[in-house]
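# What shape does this take:
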Amino acid sequence: MTLLSVNINKFALLRNSRGTNNPDLAEVTKKCIEYGAQGITLHPRPDERHSKFSDLPIISKLVSNNFSIELNIEGYPSNKFIDEVKEIKPNQVTLVPDPPGALTSSFGWDCLKYKSLLIDVVKNFQQKNIRVSLFINPSTESLINLNEILPDRVELYTFDFAKNFKHNAEEAIRPYLKVVQFLQQNIPSISLNAGHDLNLDNLDYLLKTIPMIKEVSIGHALVCDAFEYGLKNTIQKYLAITKR
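A predicted model of the protein is given here:
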């Protein structure tokens, strides 16, 4: 079974747009857990336009009260981010190479260019017993030195898959299968997550084709679906896919 982690950043974006605490992220998190989510993801950016660093201890406390729920914190490994994550000690940290001001996470790590940085940061978190996942492109060329960096997991950046899925599903998934094969043959200790633009239309195909994916992080599409189906029914629809 693949775990469903609900990314609550878009709820935070709505809250921030009015300068109030509505919707309350703590209440949203409680509802997501009540409705069956197996994980909660936050991505505090430097400008805090979505979730804020001050949200982390609040959400962490809620998640820690539910032993079967995982907390995943995403972000660029700035000094502030590293310090905050080490203080919170989530189940997982997902390192994303998005610069300040980026609209969204739009590419994975270049493990050749950022080898030294990633080795240091990954070991830093692992020494605190925090599982580390690296956001990666669907390209084996970007994974040079991954065997030295040795994160616990990698998260497949699924934007290209989602973009091309309706045109040709087999072509859309092919680069990801090459990455999976590369990992299985060369670094089998690294497990798989996936995320970005996954939705009710494409998620089933992805998980049937790459069933070893341990976790999917879904936010934008899930929030959009909640406008039509309601949050509870939306989470149930995603769980019906991830539990198959």
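# From H220, how far out is the nearest residue to I130 once chain neighbours are set aside?
Nearest residue to I130 in three dimensions, chain neighbours excluded: V93, at 5.4 Å (Cβ to Cβ, 6 or more residues apart in numbering). To be clear about C-beta, it is placed using only N, CA and C from the backbone, and glycine gets the same treatment. Distance, V93 to H220, by Cβ to Cβ, to the nearest Å: 21 Å.
# ok, those two, which is more surrounded?
V93 (31 against 16; other Cβ atoms under 10 Å).
# Note down every partner strand of whatever helix or strand that one lives in and its orientation.
Assigned by DSSP states H and E, V93 belongs to strand 92-95. When pairing is defined by DSSP bridges, strand 92-95 lines up against strand 70-75 (parallel), strand 131-136 (parallel).
# Give me the buried positions along the following helix or strand past the first one.
The element immediately downstream of strand 70-75 (helix or strand, assigned by DSSP H and E) is helix 79-88. For helix 79-88, the buried set under the neighbour-count rule, 16 or more other Cβ atoms under 10 Å, comprises F81, I82, E84, V85, I88.
# I'd like those residues laid out as CSV, including pLDDT and distance to Y229.
Shown next, in CSV, are the buried residues of helix 79-88 (pLDDT from 0 to 100; distance: Cβ to Cβ, whole Å):
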residue, pLDDT, distance to Y229
F81, 96, 34
I82, 97, 38
E84, 97, 34
V85, 98, 33
I88, 97, 31
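# Please name the residues that touch T29.
Listed by Cβ atoms under 8 Å, 6 or more residues apart in numbering, the contact partners of T29 are I8, I40, I59, L62, V63.
# Hmm, K31 and the fourth one touching each other?
No - taking Cβ atoms under 8 Å as the definition, L62 is not a contact partner of K31, at 10.9 Å.
# Between the two, which is the more surrounded one?
More neighbours surround L62 than the other of L62 and K31, with 19 against 15 (other Cβ under 10 Å).
# which residue sits closest to that one in space, ignoring its chain neighbours?
T29 (5.2 Å).
# and the one you found, what helix or strand is that in?
With DSSP H and E as criterion, T29 is part of helix 25-34.
# for that helix, which positions count as buried?
Neighbour-count burial for helix 25-34 [16+ other Cβ under 10 Å]: L25, V28, T29, C32, I33.
# so which of those comes closest to P46?
L25 (18.6 Å; Cβ to Cβ).
# Tell me how far that closest one lies from W109.
Taken as Cβ to Cβ, the span from L25 to W109 is 28 Å.
# if I read this right, D225 contacts L200, doesn't it?
Yes - with contact defined as Cβ under 8 Å, D225 counts as touching L200 (6.4 Å).
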